[in-house]
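*Asks:* sharing a sequence plus its predicted fold:
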Amino acid sequence: MKLFNRYTVAAFIAGAGLMAGIGAVAQGAGLGSMHQGMMMNGNASPADIAAHVDHMLKHLYVEIDATPAQQAQIGPLVQQAVTDLLPLRPQFQAGHTQFVQALTQSTIDRNGMETARESQLQLADQGSKRIVQLLGDVGNVLTPAQRQSLATHLAQMHGAAPQS
């Protein structure tokens with residue numbers, strides 16, 4: 001059995017995607033590095049997180065030309081998703097630590113690595129399901145043109161070309 005088979009690589013890619021998704025939802029774009037560091041280190045209070053999400057949403061509302069009524073619907077959806085996703089972050093970090101510990105022992109702990117891989121896949125699946133639910137819920141509030149603007153904005157944030 002190969003040490004890094006395609007499933008192991010997929011687990012780490014999915015985990016990285018999950019963390020990027022949580023980061024994008026929880027932190028927003030263009031915020032000060034001090035606040036980003038606070039968010040990434042887990043030192044942010046619930047009020048700090050809510051403020052960051054509100055800040056991110058204000059920028060998003062401009063990007064997609066959201067009406068006040070749409071904003072009133074989208075804000076609570078995003079805040080709830082952040083609340084749901086943030087507990088996954090320490091679990092993901094613990095799995096990563098478990099993997100590194102299994103790899104760096106004097107004798108490689110293949111069972112420990114496999115357990116960590118399985119945990120990462122489960123977390124990535126759980127997180128991606130919640131992000132898809134959020135995007136669907138927000139998409140239901142938006143017009144087709146606004147959904148296209150959202151897709152373009154998300155593609156730009158992730159350095160990809162938007163799909164039409």
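*Replies:* Here it is on my side, so go on.
*Asks:* which strand or helix spans Gln70?
*Replies:* helix 68-85 (DSSP states H and E).
*Asks:* what's the longest helix in the protein?
*Replies:* The longest helix of the chain (DSSP state H) is helix 110-141.
*Asks:* next structured bit after the lowest-mean-pLDDT helix or strand in the chain?
*Replies:* Least confident helix or strand, the chain: helix 33-40 with a mean of 42, by mean pLDDT, DSSP states H and E. Using DSSP H and E, the next helix or strand after helix 33-40 towards the C-terminus is helix 46-64.
*Asks:* what angle do that next one and helix 68-85 make?
*Replies:* Relative orientation of helix 46-64 and helix 68-85, computed by axes from the mean of the first three to the mean of the last three Cα atoms, to 10 degrees: 140 degrees.
*Asks:* what's helix 46-64 packed up against?
*Replies:* Secondary-structure packing of helix 46-64 (3 or more Cβ pairs under 8 Å, 6 or more residues apart in numbering; DSSP states H and E): helix 6-27, helix 33-40, helix 68-85, helix 144-157. From N, CA and C alone the C-beta is placed, and that goes for glycine too.
*Asks:* these: lowest mean pLDDT?
*Replies:* Mean pLDDT values for the helices and strands packed on helix 46-64 show the minimum at helix 33-40, a mean of 42.
*Asks:* picking up where we left off before, check the offset of the longest helix of the chain from the chain's centre.
*Replies:* 9 Å (Cα atoms, centre = their mean, to the nearest Å).
*Asks:* that helix packs against which elements?
*Replies:* With contacts taken as 3+ Cβ pairs under 8 Å, 6+ apart, helix 110-141 sits against helix 6-27, helix 68-85, helix 88-104, helix 144-157.
*Asks:* starting at the chain centroid, how far to the third one?
*Replies:* For helix 88-104, the distance from its own C-alpha centre to the chain's C-alpha centre is 17 Å (Cα atoms, centre = their mean).
*Asks:* run through who's touching stretch 65-76.
*Replies:* Residues from elsewhere that reach stretch 65-76 (Cβ atoms under 8 Å, 6 or more residues apart in numbering): Asp54, Leu57, Leu60, Tyr61, Val138, Val141, Leu142, Gln146, Ser149.
*Asks:* what subset of these is buried?
*Replies:* Neighbour counting with 16 or more other Cβ atoms under 10 Å marks Leu57, Leu60, Tyr61, Val138, Val141, Leu142, Gln146, Ser149 as buried within the contacts of stretch 65-76.
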